[in-house]
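>>> Okay, here's the prediction I keep looking at, along with the sequence it came from:
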Amino acid sequence: MNAFRPLGVVVAEPGTVYSSPRESDRYWEVLVDCPETQGIYIYQVPPHLKVQSGDILSVPFGSQQLGAIAIRSTPSLPPSLPPDKVRNVEEIVSAGFFSPTYWELLNRVAEYYYTPLMQVVRVALPPGLLKRSQRRIRLIEPTAVTIDPFLSPASRQLLELLQASKTQDLAWRYLKSKVKGADWGLKALLQRHWVESYLEPPTPSRPKLQKAVTLLVDSLPAEVTPRQQEILGVLRQRGGELWLSELLQICQTSSSLIKALEQKGYVLSEEREVLRRNSGIWQAVDTPKTLTPDQSEALNQITQQTGYGQILLHGVTGSGKTEVYLQAIAPLLSQGKSALVLVPEIGLTPQLTDRFRARFPNQVFVYHSALSDGERYDTWRSTIQGTPQIIIGTRSAIFAPLPKLGLIILDEEHDSSFKQDQPSPTYHARTVAQWRSQLEDCPLILGSATPSLETWATLQQNTRYLSLPQRVYARPMPPVEIVDMRRELQEGNRSIFSRSLQTALAQLQAENKQGILFIHRRGHSTFVSCRSCGYVVECPHCDVSLAYHHTHERATPHLRCHYCNYSQLHPQRCPQCDSPYLKHFGSGTQRVTQELEKLYPSLRIVRFDSDTTRTKDAHRTLLTRFANAEADILVGTQMLTKGLDLAGVTLVGIVSADGLLHLSDYRASERACATLTQVAGRAGRGDDPGRVILQTYTPENPVVEAVRRHEYARFVETELSQRAALNYPPHGRLILLRLSGVDLNLVEQTAQQLANLLDSATAPYEILGPAPATVMRVANRYRWQILLKFPSNTSTQMQILSELKAHCPPAISLLIDVDPMQLG
Ligand SMILES: Nc1ncnc2c1ncn2[C@@H]1O[C@H](COP(=O)(O)OP(=O)(O)OP(=O)(O)O)[C@@H](O)[C@H]1O
Ligand SMILES: [Zn+2]
Ligand SMILES: [Zn+2]
């Protein structure tokens, strides 16, 4: 793949005399970013300035002077832009603010995913990036004299203001408000090097600090008062550490008493970072664990890798991959480098983040789309500081502009949420991570218990394979019992729980253990249909049936569309034949929860799906409740499969595997196998052995068999050969063109035209379609698609594809999905 334009490469032409700046560096694409505008504009660089990618510039924009970022030089102006219309860059405010490789990365993303660079910038950088950074002016020549006759009145006024200020350093905005013609006045001062202009360094978001008290003595000294003895006793009982406020409360004492103990050297009180999880301070104290032989072998291999290299860390569920990450990162931080850790979803982030925070207090920052604008901005600003740190985030964090990057980790690398389906750029964080680690020359670790076929296929090429085949403490993998639900029905059990699962649930209660029930779907039932005429209630705006939602006994039942979120009350009678007999098919989390409540009224249940985790921190609250044993059963969807590490869980019930097994997509088996293996892997991670009960109507399915035997690698090998036979990824590559619009005919026509156009080009791809999307209408927009299938080892970079948009009428939107994960 030769996907991107080298930056700032200058071809020296024979015979030309060197002049500064070189002609090719004369015009620059510059990102202007202020509350009113965000866009890329072309500016001219005057000869005395030497601009580099990533510099922060000051440019004229309309009547304003704005901060801007230099992106890349451009050899020529577009025909629509006459040279005399191009304005000059005023000056470089801060050189090397971003590393040049950062912009190379964004360019590469833009080209590979057929997206304008500006759209990539919007994904990568928070809006209004420069709006809060203050430009300031500092006096650097203290002997500068204001009586210089050549100075303009404006220059003189500026100098006087600066000299009069205590720090000889003032905000540019302030100076401008005070001095008429400040721009010109400043220019003269800058030319004489009497002042300098700079961007105020961003203030890092500070962790909240709180006083903690630590016990320093092993045995309780005899010479203290009984009261002091009591306090020390409480401290010791609580593991040697408490927040000061907690200690004061427990002992009903005052801080002067603690101070007295501190003066005698029995305790230490100091400021500590407050963890957002409020479950006690000893969370904060965490030291590296002694590694298992497999873990240390993996760590050795990783630390030997200096510079770019891709590593697959294939560790079975509960094998301790996180500990390997932690110990791989530690030495980097002390070398002044930073690390980027990507995780699939927020649901899993709190637990992982806590582990990282506990190991590296004050050095962990979280970056994901659920952060408020302010938080995002603060985190973002702290990253460009360059102090060694760890960023943990979801897919867009791959763009966090960390300087001195020493390592990138994708945890649960198989997860499809690393891929953005829409809008453009339809990037995969793993692909971007590969480019980034190449550009930054640092290793990339892909970690998973169920690696993707894409990654597995690279093992023959350039990926190092490291394996953790055993759980820590050699804990056994949980046995997986397959229950044939057809037999259950034949033998008279009509419940959604098999007899085996019922027994296990009853036992759970008796033994005071915890369990997880996995359901593929949220909501109550997948669809509602009439028993008399077969009518299925559908969404008026989409071609899908409505799902039945019934949150609890007293709630009003309603129907909801999972595509456009339309909702309506549950009809009393069939809209078609007026029959009162409506039946609910399929089961979702709500139905399972209700059944559980009916059968086991004393079980305490937590439902964990996208309906119950809408609000901020809901994930954390629900998981904490469960982790603190305030609930017995966690009922949830996909969300709970990812990286949950709860020692108390001994039972995992997969209520129905079938919804996953029968999706019509070439990736369905891979996804089903990964999901089921991951869910199963939540059982038996503590001292008590676990077990898994998998219910299905198709026990003979090879995926079910692979999960039962814990044979993921074998499954992958078979699956890979099937993909190769059909030329599907990772063997070949795909590009999916998604068209949509409100006018069905126009969508169809355009799809046909584009297909003809693609057909007429000499190109390596095979064209499948055009065809309507699986769900043709969503939110009243009709959707058609064209699938391009490229043979392996060919580039998907084609001129014709970048021209397609120009052939679409304005009413049709076209999305180019490169390496699509969903074909529907
Ligand atoms: N060397 C070790 N000694 C003791 N305990 C360990 C060690 N390494 C990891 N652990 C513990 O084992 C548990 C499982 O580790 P971890 O969650 O990292 O597994 P994992 O491989 O990421 O699993 P999964 O893929 O299922 O998320 C954790 O509670 C962790 O603290
Ligand atoms: Zn009917
Ligand atoms: Zn809908």
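It's in. Ligands and ions are numbered 1, 2, ... in the order given.

>>> all contacts plus neighbour counts: C-alpha atoms, from now on.
OK.

>>> The residue of the chain positioned farthest from its centre sits in which helix or strand?
Here the chain reaches farthest from its C-alpha mean at Pro149, the gap being 59.3 Å by Cα atoms, centre = their mean. Per DSSP states H and E: Pro149 is located in neither a helix nor a strand.

>>> can I assume Asp817 sits in a strand?
Yes: counting by DSSP: H, G, I helix; E, B strand; the rest coil, Asp817 falls inside a strand.

>>> So, low pLDDT: which residues of the stretch 1-150 of the chain?
For the stretch 1-150 of the chain, residues meeting the criterion pLDDT under 70 lie at 1-24, 34-37, 126-134, 144-147.

>>> which ones are touching Ile577?
One thing to correct before we go on: residue 577 is Cys, not Ile. Each residue near Cys577 by Cα atoms under 8 Å, 6 or more residues apart in numbering is listed here: Ser532, Cys533.

>>> before we move on, what about the one 5 residues further on?
Residues near Leu582 by Cα under 8 Å, 6+ apart: Val528, Ser529, Cys530, Arg531, Arg573, Cys574.

>>> swap in Leu453?
Glu670, Val716, Leu720, Pro730.

>>> Grab the nearest non-local neighbour of the third one.
When the adjacent residues along the chain are set aside, Leu720 lies closest to Leu453, with 6.9 Å between them (Cα to Cα, 6 or more residues apart in numbering).

>>> How much space separates the one you found from Leu459?
10 Å (Cα to Cα, to the nearest Å).

>>> biggest strand in this structure, by residue count?
strand 766-778 (DSSP state E).

>>> any residue of the next helix or strand after it up close to ligand 3?
Once the chain leaves strand 766-778, the next helix or strand it forms, by DSSP H and E, is strand 781-790. No: Strand 781-790 does not reach ligand 3 (Cα under 5 Å from the ion); its nearest approach is 10.3 Å.

>>> can you list contacts of strand 781-790?
Contacts for strand 781-790 (Cα under 8 Å, 6+ apart): 728, 732-744, 747-748, 751, 755, 764-773, 775-777, 796.

>>> List the buried residues of stretch 82-93.
By 16 or more other Cα atoms under 10 Å, the buried positions in stretch 82-93 come out as Arg87, Asn88, Val89, Glu90, Glu91, Ile92, Val93.

>>> now the closest residue to ligand 1 within the stretch 351-500 of the chain: how far from Arg714?
Ligand 1 sits closest to Ala449 of the stretch 351-500 of the chain, with a gap of 5.2 Å, by Cα to the nearest ligand atom. Distance of Ala449 to Arg714, computed by Cα to Cα: 13 Å.

>>> okay, the two: which has more neighbours?
Counted by other Cα atoms under 10 Å, Ala449 and Arg714 do not tie: Ala449 has more neighbours, with 27 against 11.

>>> give me every residue that touches the more buried one.
Applying Cα under 8 Å, 6+ apart to Ala449 gives the contacts His314, Gly315, Val316, Thr317, Glu412, Gln678.

>>> ok, the first one - contacts?
It refers to His314. Gly447, Ser448, Ala449, Thr450, Pro451, Tyr465, Leu466, Ser467, Leu468, Pro469.

>>> can you tell me which of these are in strands?
Short answer: the contacts of His314 in strands (DSSP E) are Gly447, Ser448, Tyr465, Leu466, Ser467, Leu468.

>>> ok, those vs His193, which is closest?
Minimum distance to His193 across these is 52.5 Å, recorded for Gly447 (Cα to Cα).

>>> Fine by me, thanks again.
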